[in-house]
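[1] give me coordinates for this.
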Amino acid sequence: MMYKDIREQVYEANLALPRQGLINLTFGNASAADRDKGVFAIKPSGVDYDDLTPESMVIVDFEGKIVEGNLRPSSDTPTHRCLLLAFEEIGGVVHTHSTRATAFAQAGKPIPNFGTTHADYFYGEIPVTRKMTPEEISGGYEWETGNVILERFSGLNPLDFPGVLVNRHAPFTWGKTVAKAVEVAVAVECIAHMAWMSMQLNPGLQAIERELLDKHFLRKHGATAYYGQPEE
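    So this is what the prediction gives:
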């Protein structure tokens with residue numbers, strides 16, 4: 001079987017989504033890219049998580065053509081492809097409808113950065129896109145979803161902001177690997193929950209102080225990072 005590595009990575013990532021409480025029914029998907037081969041693996045559309053196997057993952061090239069697999073790929077495949085093409089630094093994308101993060105997305109509200117847990121992952125608020133136009137919705141909807149995300153990310157580093165809330169829809173996250181994209185998806189739901197509670201406890205709460213944001217984000221990310229162990 002060709003593309004064994006990314007098939008297995010995506011299979012494990014997709015299984016992690018319901019295990020982490022990020023998925024209801026079949027709402028959600030994960031993808032992983034092999035940039036050297038010009039392809040990515042993604043969950044098949046509408047297949048129950050209990051029925052997934054590594055072999056059922058679908059291989060798609062960056063032109064959007066199915067390279068390997070007998071099932072139809074996720075309906076969100078064009079959005080994944082759009083992001084993987086635009087964000088060359090990333091190797092995986094995750095889409096969930098996790099409850100609290102999706103509540104912020106449906107409300108069209110970014111998630112404010114109130115504390116250090118949030119700052120460990122995002123160098124500011126978790127951004128939200130604008131609403132999609134009727135023309136975008138009735139046209140190539142999933143591809144246009146990706147374009148609306150890219151519009152919102154004009155001037156932003158996708159590794160400093162490894163996720164987004166799509167207005168009226170739900171979150172997408174990404175990372176250098178699909179496993180990292182899953183980790184960020186877990187963090188986004190946790191952050192959304194804490195932000196929601198913080199706003200109830202203190203409706204006038206302001207964003208985290210810049211000095212504390214810098215300290216927590218930059219000790220984990222970038223050239224001066226010192227958290228954890230060095231990569232081999």
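[2] leaving out chain neighbours, which residue sits closest to residue 44?
    Excluding its sequence neighbours, the residue lying closest to residue 44 (CB to CB, 6 or more residues apart in numbering) is residue 71, at 3.8 Å. For every residue, glycine as well, the C-beta is placed using N, CA and C.
[3] surely the one you found touches residue 56?
    Yes. Contact status for residue 71 versus residue 56: in contact at 6.0 Å, counting by CB atoms under 8 Å.
[4] list the residues that contact both of those two?
    Contact criterion CB atoms under 8 Å, 6 or more residues apart in numbering; residues shared by residue 71 and residue 56: 44, 47.
[5] ok, back up a step: please give the element, helix or strand, for the residue nearest to residue 44.
    Here residue 71 sits in a region with no helix or strand, counting by DSSP states H and E.
[6] got the phi and psi for it?
    Main-chain torsions, residue 71, degrees, to the nearest 10: phi -110, psi 160.
[7] helices or strands next to the longest strand along the chain in the packing?
    For the chain, the strand reaching the highest residue count under DSSP state E is reported as strand 28-34. Other helices and strands packing on strand 28-34, by 3 or more CB pairs under 8 Å, 6 or more residues apart in numbering; DSSP states H and E, are helix 4-19, strand 39-42, helix 77-86, strand 92-96, helix 178-201.
[8] same thing but 7 Å
    Based on contacts counted as 3 or more CB pairs under 7 Å, 6 or more residues apart in numbering; DSSP states H and E, the elements that strand 28-34 packs against are helix 4-19, strand 39-42, strand 92-96, helix 178-201.
[9] tell me which of these is the most buried.
    The highest mean neighbour count among those, using mean count of other CB atoms under 10 Å, belongs to strand 92-96: a mean of 29.
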